[in-house]
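# quick check, what structure comes out for this input:
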Amino acid sequence: MTVTTAVVVLPRRVAVWANRRALARNSLTGIELACALCAAVWFSAGTPLSALAGGAALGGGYLARRVGGQLTVGAFDGWLAGACALAGELAVYAGLAAGAAPGPARVWALATAAALLLGMRKVARLCRPDRSPGEPPASLDLETLAAHGPVRAVAVVAGRLLGLPAGERAAVITVTAALYGTRMSLLVLTCWGAVALAWAIAGPRPGAATEPGTAGQPGAAAQAGTAPRRAPGPVRGTDIAAARDDGPLARFAGALVRGQLVPLPPALAGLTATVLLATLGLRDLAGLVLLTPVAAMLLAAPGSGHPHDGPLDWLTPLVIQAGQYVYLAALGFAKGVPGPLIFALTALVALRQLDVAYRARYPMPAGDPRGGIGWEGRMLVAGVGAMLGVATFCYLALAVYLIWLLSSGSLASWLAARARRLGARRAGLGSSAPGCRRSAEGAEG
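Coordinates of the predicted model:
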């Protein structure tokens, strides 16, 4: 089997097979998540043979993702695919950390760094403006590469390697874990993930974004016989502002200045101060001094009322997200919070940020991204807990709270999407019945 057949032809053929058997998109999402969880269990053993088994499971999950990306038709299906893809990969990172026996604290720090970099790249994909019209897409489609010549082909391949997409990540994890151990896998994922995040921010702009976790090949959907996905519009300032995940305190500060404060410079100042304080160390700090990074990041709060219509304002959610990650991770490791709990909280924050960014970008039933305590609330809870000497309890409480928030939001969206589909199905049956006053086409018109 050639690389072309494995990457392009095989997913299309499997998509046709899945469509003929009425295999739903969410079923493929479940298969992908199950494969990722199985891979996480195999990687936690920490042996070369188990790493190969985990790599095989990752390969099966990646094939399910590629096939499902050609069958996606609804916003809820795309949201579920993106959330499950991120959750499954974060579970794999946890399995890699569990499989590295010596030096557990450093291993979980590497896993946390890899997780936060992955979460930021997912959000950057949703917040970054689309490419300019006429610019060739950064795709591995063979016809597109042939049309733009070998130079363009080499540039696309190099850009894909720098971006480290899902297929390449699965290959890197499998090879490094089998040959050098799971610790090396996490180190490579962290270093390469930093490069991939920089490429996602400063590299060539991508084409129109598709749902996270999908392959984004519109031609394949037509071959599979499914309805093509509706192309989303450009990123709006309101989408970027909603992707910040502001809480009540930040929204109140934004209302006070009435949107007159630009959002990005204060956020960068807060991130710089937070990184500096985290680098100097939070272990020996006590009392209100522990809240100094929170106060620095609160400089970004008044910018919540701004329309975020500047050329670089789309970076604001990423800057706020980075400050939140740095503070939670540095504070947790400095105050003796268990490494798995710090990783779990970071993973849940990443899922929450992806959920908010996706709901801000794509219309969904029950999809208002506002709600909860926001990024500033999470930082305040963690800081106050460390100040009172109950950091572990507060991290556990935040993890439980985020699980409840994500679960309740996903359940509400699923129920709303199910009710909408049932209503559309009943309307279609009623319009096709004899004696109906108007046809389905007339109702749509």
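# quick one: low-confidence parts of the stretch 51-200 of the chain?
For the stretch 51-200 of the chain, applying pLDDT under 70 flags the ranges 71-73, 101-105, 131-157.
# make it 80
68-76, 101-105, 130-161 (pLDDT under 80).
# the stretch 201-350 of the chain: strands as residue ranges?
With DSSP state E, counting those that start in this stretch, there are no strands along the stretch 201-350 of the chain.
# for it, just list every one of the helices.
Secondary structure of the stretch 201-350 of the chain (DSSP state H, counting those that start in this stretch): helices located at 218-224, 237-242, 248-257, 264-280, 292-297, 316-334, 339-361.
# between those, which one is closest to Tyr401.
Tyr401 sits nearest to helix 339-361 of all these, at 8.9 Å, using Cβ to Cβ. (C-beta placed from N, C-alpha, C; glycine too.)
# the closest one - contacts with which helices or strands?
helix 75-99, helix 104-127, helix 237-242, helix 316-334, helix 391-432 (3 or more Cβ pairs under 8 Å, 6 or more residues apart in numbering; DSSP states H and E).
# run the chain-centre distance for that helix.
8 Å (Cα atoms, centre = their mean, to the nearest Å).
# could you say what helices and strands the helix or strand just after it packs with?
Counting by DSSP states H and E, the element after helix 339-361 in chain order, helix or strand, is helix 374-387. Applying 3+ Cβ pairs under 8 Å, 6+ apart, one finds that helix 374-387 contacts helix 248-257, helix 292-297, helix 316-334, helix 391-432.
# buried deepest among those, which one?
Using mean count of other Cβ atoms under 10 Å, the stretch among these with the largest mean neighbour count is helix 316-334, at a mean of 24.
# quick one: buried residues of stretch 180-197?
Neighbour-count burial for stretch 180-197 flags 181-190, 192-193, 196-197 (criterion: 16 or more other Cβ atoms under 10 Å).
# how about the residue sitting nearest the centre point of the chain: what's its closest non-neighbour residue?
The residue lying closest to the centre of the chain (Cα atoms, centre = their mean) is Lys122, at 3.7 Å. Computed as Cβ to Cβ, 6 or more residues apart in numbering, the closest residue to Lys122 that is not its neighbour in sequence is Leu354, at 5.1 Å.
# ok so, going back, possible to save the helices of the stretch 201-350 of the chain as CSV with mean pLDDT and distance to Ala91?
Formatted as CSV, the helices of the stretch 201-350 of the chain follow (pLDDT from 0 to 100; distance: least, Cβ to Cβ, whole Å):
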stretch, mean pLDDT, distance to Ala91
helix 218-224, 37, 28
helix 237-242, 82, 28
helix 248-257, 90, 31
helix 264-280, 91, 26
helix 292-297, 91, 29
helix 316-334, 94, 18
helix 339-361, 93, 8
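# can you redo those helices as JSON lines with distance to Asn26?
What follows is these, written out as JSON lines (distance: least, Cβ to Cβ, whole Å):
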{"stretch": "helix 218-224", "distance to Asn26": "16"}
{"stretch": "helix 237-242", "distance to Asn26": "25"}
{"stretch": "helix 248-257", "distance to Asn26": "34"}
{"stretch": "helix 264-280", "distance to Asn26": "36"}
{"stretch": "helix 292-297", "distance to Asn26": "37"}
{"stretch": "helix 316-334", "distance to Asn26": "28"}
{"stretch": "helix 339-361", "distance to Asn26": "16"}
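# and the residue nearest to Leu161 when sequence neighbours are not counted, how many neighbours?
Excluding its sequence neighbours, the residue lying closest to Leu161 (Cβ to Cβ, 6+ apart) is Glu168, at 6.7 Å. The number of residues packed near Glu168 is 16, by other Cβ atoms under 10 Å.
# and if you look at Val262?
Neighbour tally, Val262, other Cβ under 10 Å: 16.
# does it touch Pro302 like I think?
No: contact criterion Cβ atoms under 8 Å: Val262 and Pro302 do not qualify, at 9.8 Å.
# hang on, the earlier thing: got the contact list for the residue nearest to the centre of the chain?
82, 86, 212, 350, 353-354, 357 (Cβ atoms under 8 Å, 6 or more residues apart in numbering).
# with Arg352 as the reference, measure out to it.
The gap separating Lys122 from Arg352 is 12 Å, by Cβ to Cβ, to the nearest Å.
# for Ile201, which of the helices of the stretch 201-350 of the chain is the nearest?
Between Ile201 and the helices of the stretch 201-350 of the chain, the tightest spacing by Cβ to Cβ is seen for helix 316-334, at 7.3 Å.
# quick one: distance of the closest one to the chain centre.
Taking mean C-alpha positions (Cα atoms, centre = their mean), helix 316-334 and its chain are 16 Å apart.
# other residues contacting stretch 307-316?
Here stretch 307-316 makes contact (Cβ under 8 Å, 6+ apart) with 127-129, 201, 235, 237-238, 240-241, 244, 259, 262-264, 267, 300, 303, 306.
# quick one: which of the contacts of Lys122 is nearest to Ile403?
Ala350 (13.2 Å).
# can you name the residues that contact the nearest residue to that closest one once chain neighbours are set aside?
Using Cβ to Cβ, 6+ apart and skipping the chain neighbours, the partner closest in space to Ala350 is Gly119 (2.9 Å). For Gly119, the contact set (Cβ under 8 Å, 6+ apart) comprises 86, 321, 325, 346-347, 349-351, 353-354.
# for Gln324, see how far away Gly119 is.
In terms of Cβ to Cβ, Gly119 sits 10 Å off from Gln324.
# which residues do those two both contact?
Val349.
# if we can go back for a sec, ok, the buried residues of stretch 180-197 vs Val172, which is closest?
The shortest approach to Val172 among the buried residues of stretch 180-197 belongs to Val188, at 5.9 Å (Cβ to Cβ).
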